[in-house]
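J.: From the sequence below, what's the structure:
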Amino acid sequence: MTTMGTEQDSARVQLARTRVEEATRAARLAVIAATPQLRARALRRTRYLRIGLYAVAALVVVLLVATAVAAWQVRGHDREAELQRNVLASAREAITSMLTADPDRAGAYVDEVLAVSTGPQRERIEKARDVLTAEVAGQPGPSVGQVVSAGLVTDPGSDDEGARAGVLVVADATNPVLLGGRPDDGGENPGADAVDTTAERLTATLTMERTGDGWKIAEARLS
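T.: Residues are numbered from 1 along each chain as shown. Below is the predicted model of the structure:
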């Protein structure tokens, strides 16, 4: 009985080993058989991953370019707006200087007008300097001017020297003749005749020109 039992146990062990070996062999064969499919699946996953990464990279590039373009446009708009403000501020200051004259400072007035003028306007003021000085000196009192509104007729093309812009100015002035820099020819004291104790509203079209010392009036025409 003991010998028979031992033989049976050995047979069971051998059978178990055989089954394990067969199962291991079957598993190996299954892996070998599935390897091409697994490899193909892995390749597909890798390809999809690459495509996804390329798409993300392209999207990032597009977003960066769009952000850069938007920032450039904003900066350009800000620069343009600042340039327009500078032109209008210079026009306001120049007109105020041209319309504000004290007979006790006639010579200084002409110098101040020349300081805000350039081109044809400056040449005309220089030629009429003596006449303009005499007119201001002959005023019965100080003349004053104040800009009511100012707007661009033509935008400045750039902030480079020589660039120009058109400005329409509405101002109140007690002596509008000063804007033209030419007193009336009639009367013994044309300066006194030109001064009015009540402000007169006038409209002028200015050509502003960029110089090395800022924006100045190149031409001034009363409307």
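
J.: Compute the distance between residue 153 and residue 172, please.
T.: 20 Å (CB to CB, to the nearest Å). C-beta coordinates here come from the backbone N, C-alpha and C atoms, glycine included.

J.: oh sorry, the question was meant for residue 86
T.: Summarising the geometry, the distance separating residue 86 from residue 172, computed by CB to CB, is 24 Å.

J.: And residue 153 and residue 172? Which one has more around it.
T.: When residue 153 and residue 172 are compared for neighbours, residue 172 comes out ahead with 16 against 11, by other CB atoms under 10 Å.

J.: Doesn't the more buried one belong to a helix?
T.: No - with DSSP: H, G, I helix; E, B strand; the rest coil as the criterion, residue 172 is located in strand rather than a helix.

J.: Next one, pLDDT for it please.
T.: In the prediction, the pLDDT value recorded for residue 172 is 94.

J.: Quick one: residues contacting it.
T.: Under the criterion of CB atoms under 8 Å, 6 or more residues apart in numbering, the neighbours of residue 172 are 145-146, 148, 199-202.

J.: how about the residues you listed in TSV, adding pLDDT, secondary structure and neighbour count?
T.: Formatted as TSV, these follow (pLDDT from 0 to 100; DSSP: H, G, I helix; E, B strand; the rest coil; neighbours: other CB atoms under 10 Å):
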residue	pLDDT	secondary structure	neighbour count
145	92	strand	22
146	92	strand	14
148	95	strand	12
199	65	coil	18
200	87	strand	12
201	89	strand	10
202	91	strand	19
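
J.: could you dump those residues to CSV with distance to residue 164?
T.: As requested, the contacts of residue 172 are arranged in CSV below (distance: CB to CB, whole Å):
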residue, distance to residue 164
145, 23
146, 25
148, 23
199, 30
200, 28
201, 26
202, 22
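
J.: Out of the residues you listed, the closest to residue 71 would be?
T.: Looking at the contacts of residue 172 and their distance to residue 71, the nearest is residue 148, at 37.4 Å (CB to CB).

J.: does the closest one really touch residue 200, like I thought?
T.: No - between residue 148 and residue 200 there is no contact under CB atoms under 8 Å: 11.8 Å.

J.: By mean pLDDT, which helix or strand of this structure comes out lowest?
T.: helix 190-194 (a mean of 39; mean pLDDT, DSSP states H and E).

J.: Am I right that residue 156 sits in a helix?
T.: No - per three-state DSSP, residue 156 lies outside any helix segment and is coil.

J.: how about the nearest residue to it, chain neighbours excluded?
T.: Distances taken as CB to CB, 6 or more residues apart in numbering place residue 165 nearest to residue 156, at 3.9 Å, with adjacent residues excluded.

J.: burial of the one you found, as a residue count?
T.: Residue 165 sits with 24 neighbouring residues when counted by other CB under 10 Å.

J.: Report the buried residues of the helix or strand that contains it.
T.: Residue 165 belongs to strand 164-173 when elements are defined using DSSP states H and E. Of all the residues in strand 164-173, those buried under the rule 16 or more other CB atoms under 10 Å are 164-167, 169, 171-173.
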